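1. Quick one: sequence plus predicted model below, questions after.
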There are 2 protein chains.
Amino acid sequence: MEEKTIEREVIYQGKIFDVEKHVVELPNGGTSVRELVYHNGAVAILLIDEDDKIVLVEQYRKAFESMSLEIPAGKLEIGEEPLASAKRELEEETGYKAESLEKMFSFYGAPGFCSERVDVFVAKGLTAGAMNLDEDEFLQVERYTFEEAGELLASGRITDAKTIMAIQWWQLSKLK
Amino acid sequence: MEEKTIEREVIYQGKIFDVEKHVVELPNGGTSVRELVYHNGAVAILLIDEDDKIVLVEQYRKAFESMSLEIPAGKLEIGEEPLASAKRELEEETGYKAESLEKMFSFYGAPGFCSERVDVFVAKGLTAGAMNLDEDEFLQVERYTFEEAGELLASGRITDAKTIMAIQWWQLSKLK
């Protein structure tokens, strides 16, 4: 089923992603074109605080010109380990330090054309501290109870894939 | 919190997506650059067959050079309604016709840079028929019980965001 690249064109080399166009050989011997976005990967963290509230960050998402309510996340620096990145992002975006970060799952959000893999962790043993955002990051930290988070999902207010997955995971962990 | 575009450069206009680079004005009056992938959107369908098995399609994903097990899905044609698209994709990829398709939720898989919104439906009232794939589509239809689907999630074998969300939704619908 593999699609072997027989021609490769680099379209764009950016800061966040690269774009390439590949001519591939199909399983039946024919060819097709694949437009591809290469991304270094990201991490995200499910954070339940000492009051059993989920910590979410709200920020403007330029790609769809809207505010978005999401679990803390960030992209991997080149050569950075996902676990180290998750610790760093957690502290930068929320001020929390975690005693341990346990991997929940990994996902591809747009497998048809994008290589970005996101590793999702759950944070345990929290100590609150001060936030430390990137210069071009503007976000608001919010906390929601289990019931409120369920309502945010059911009402369609949360549209971010990693956040839907993380809240469902939280719901399942309480119901099982 | 809005980020207003003050300069816009079109980098690439493709068949699947366009790429643009925007200089934006930040809430503090500073500026930053946003690299953006514009995609027309997609649909996906949770399909539980007459034996209470989930129908998944396995296909090669060039972006990460691996096979991927996913719920049936496809991109919206220009001007196409999500519901009509979901009906079409369901029939093309699995051969099933559904009496009704009910919207479960919508998500953005890569909100940091990509506009692709995926509408996810659950199919009800199924009639089996023949598949009808695109010329460059090679996929295998597979069926898994509720228990098997849970194991595929727990073991990390499923890494596609929409499929993780759909299986967790199925799990929650049985537990609640």
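-> All right, it came through fine.
2. nearest residue to whichever residue of chain A sits closest to chain B other than its sequence neighbours?
-> Nearest residue of chain A to chain B, counting by CB to the nearest CB: residue A:109, 2.8 Å away. Where you see a C-beta, it was placed from the backbone N, CA and C, and this is true even at glycine. Sequence neighbours aside, residue B:109 is the residue nearest to residue A:109 in space, at 2.8 Å (criterion: CB to CB, 6 or more residues apart in numbering or on different chains).
3. Pull the distance from the host helix or strand of residue A:55 to the chain's centre.
-> Using DSSP states H and E, residue A:55 maps to strand A:54-61. How far strand A:54-61 lies from its chain's middle: 12 Å, per CA atoms, centre = their mean, to the nearest Å.
4. Break down chain A into its helices, ranges please.
-> Assigned by DSSP state H, chain A shows helices spanning A:82-94, A:146-154, A:161-175.
5. And chain A, split by domain according to the record?
-> A:4-38, A:42-175 (automatic domain parsing).
6. With distance to residue B:156 and mean neighbour count as extra columns, can I get those domains in JSON lines?
-> Listed next are these as JSON lines, based on distance: least, CB to CB, whole Å; neighbours: other CB atoms under 10 Å in any protein chain shown:
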{"stretch": "domain A:4-38", "distance to residue B:156": "22", "mean neighbour count": "15"}
{"stretch": "domain A:42-175", "distance to residue B:156": "6", "mean neighbour count": "18"}
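7. what does the model give the residue of chain A most remote from its centre for pLDDT?
-> Taking CA atoms, centre = their mean, the residue of chain A most remote from its mean C-alpha position is residue A:29, at 36.3 Å. Listed pLDDT for residue A:29 reads 91.
8. Report pLDDT for residue A:128.
-> The model's pLDDT for residue A:128 equals 83.
9. What residues are bridge-paired with residue A:18?
-> Beta-bridge partners for residue A:18, by DSSP bridges, are residue A:13, residue A:38.
10. ok, now residue A:66?
-> Under the criterion used (DSSP bridges), residue A:66 bridges to residue A:61.
11. sorry, back to before: so the residue nearest to residue A:109 touches residue B:163, yeah?
-> No: using CB atoms under 8 Å, residue B:109 is not in contact with residue B:163, being 11.5 Å away.
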